[in-house]
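Asks: This is a predicted model, with the sequence first.
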Amino acid sequence: MTALVTILDDEPAIRALLSETLTEAGFRCQAFARATEFEAALRRTTPDVCLVDLGLPDRDGLSVVHRLALEQGATIIIISGRAQVQDRVTGLELGADDYIIKPFDPAEVVARIRARLRGPRRSATGNTARFEGWTAHFDRYALEADDGTETPFSHAEGEVLRLFLESPKRLISRAQMQESLGGAAGESFDRAMDVRISRLRTKLREDPRNPRLIKTIYGAGYIFLGEVVWE
């Protein structure tokens, strides 16, 4: 089925431009001016990609991004006029997958969406992985412990977890992570990866001072130490 893209932006001209461009590119679109309308729609359907502006009339856009990252399996792309590095870093740390600065080229938005949709879906390994007493359900973005309790993870965290589980016991450098997961290399990408890996360790009940599964190889990258079975 054609991917569904939802647009949350209070500027009518931006909504119209994105809707027209994405429809012409073959996507289905839904556009919203307010966070309350957007969140109500999410209770009825789950989009593949969410384009979120940060300057909203009824809600802080960063809080919307954070909630999306915790509760939805959609790719999250921020589109904002906030061009400071700290804004980009904060957005990525809260769970966004990408950050586009206004004014933007509509063709670039289409390209970024297509790149994200190609990303984690490239894998032929499946949607369920079992490892060291855990089960990762990528179809519903949840980690299941041996006792049956489940902990949700975000789309962004899922990208990193899948990368580790597809390459167990192999060193993954920062450059390889950037190439596999997309996004511009640099401080904001590195900070976002550090945050996502820290959150994964917490959800896997790791000792932050001596993690058992996700090891940091200082100056080189990361390695996942565990036996993995894909289903």
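Replies: Thanks, I have it.

Asks: Going by C-alpha atoms from here, please, whenever you check contacts or count neighbours.
Replies: OK.

Asks: can you map out the strands along this protein?
Replies: Counting by DSSP state E, residue ranges of the strands within the chain are 4-8, 28-32, 49-52, 75-80, 98-101, 128-131, 134-137, 142-144, 150-152, 214-217, 221-224, 228-230.

Asks: Export these as a markdown table, with columns for distance to V65 and mean neighbour count.
Replies: Formatted as a markdown table, those follow (distance: least, Cα to Cα, whole Å; neighbours: other Cα atoms under 10 Å):
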| stretch | distance to V65 | mean neighbour count |
| --- | --- | --- |
| strand 4-8 | 11 | 24 |
| strand 28-32 | 15 | 18 |
| strand 49-52 | 7 | 25 |
| strand 75-80 | 7 | 24 |
| strand 98-101 | 11 | 20 |
| strand 128-131 | 26 | 18 |
| strand 134-137 | 22 | 20 |
| strand 142-144 | 18 | 20 |
| strand 150-152 | 15 | 17 |
| strand 214-217 | 26 | 17 |
| strand 221-224 | 27 | 19 |
| strand 228-230 | 30 | 16 |
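
Asks: Throw those strands into TSV and include distance to L117 and mean pLDDT, thanks.
Replies: Output for these, formatted as TSV (distance: least, Cα to Cα, whole Å; pLDDT from 0 to 100):
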stretch	distance to L117	mean pLDDT
strand 4-8	11	96
strand 28-32	14	95
strand 49-52	8	94
strand 75-80	8	90
strand 98-101	12	88
strand 128-131	19	94
strand 134-137	18	95
strand 142-144	20	93
strand 150-152	21	91
strand 214-217	26	90
strand 221-224	25	91
strand 228-230	21	92
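
Asks: Of these, give the one that comes closest to L171.
Replies: Closest to L171 of those, according to Cα to Cα: strand 221-224, at 4.7 Å.

Asks: So the residue of the chain positioned farthest from its centre versus E20, what's the distance?
Replies: Distance from the C-alpha centroid of the chain, by Cα atoms, centre = their mean, peaks at D147 (27.2 Å). D147 is 48 Å from E20, where distance means Cα to Cα, to the nearest Å.

Asks: got the strands of the chain as JSON lines, with distance to V110 columns?
Replies: Putting those into JSON lines (distance: least, Cα to Cα, whole Å) gives the following:
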{"stretch": "strand 4-8", "distance to V110": "11"}
{"stretch": "strand 28-32", "distance to V110": "12"}
{"stretch": "strand 49-52", "distance to V110": "11"}
{"stretch": "strand 75-80", "distance to V110": "11"}
{"stretch": "strand 98-101", "distance to V110": "11"}
{"stretch": "strand 128-131", "distance to V110": "29"}
{"stretch": "strand 134-137", "distance to V110": "28"}
{"stretch": "strand 142-144", "distance to V110": "29"}
{"stretch": "strand 150-152", "distance to V110": "29"}
{"stretch": "strand 214-217", "distance to V110": "34"}
{"stretch": "strand 221-224", "distance to V110": "31"}
{"stretch": "strand 228-230", "distance to V110": "32"}
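
Asks: Nearest to L42, out of the ones you listed?
Replies: Nearest to L42 among the strands of the chain is strand 4-8 (9.4 Å), distances taken as Cα to Cα.

Asks: which residues sit in contact with the residue nearest the centre of the chain?
Replies: Residue closest to the mean C-alpha point of the chain, counted by Cα atoms, centre = their mean, is A156 at 2.6 Å. By Cα atoms under 8 Å, 6 or more residues apart in numbering, A156 lies in contact with A69, T75, G95, A96, D97, R196.

Asks: Which pair of those residues spans the longest distance?
Replies: Top of the distance list for those (Cα to Cα): T75 and R196, 14.7 Å.

Asks: about what we covered before: closest one to A107 among the strands of the chain?
Replies: Closest among the strands of the chain, using Cα to Cα: strand 98-101, at 11.9 Å.
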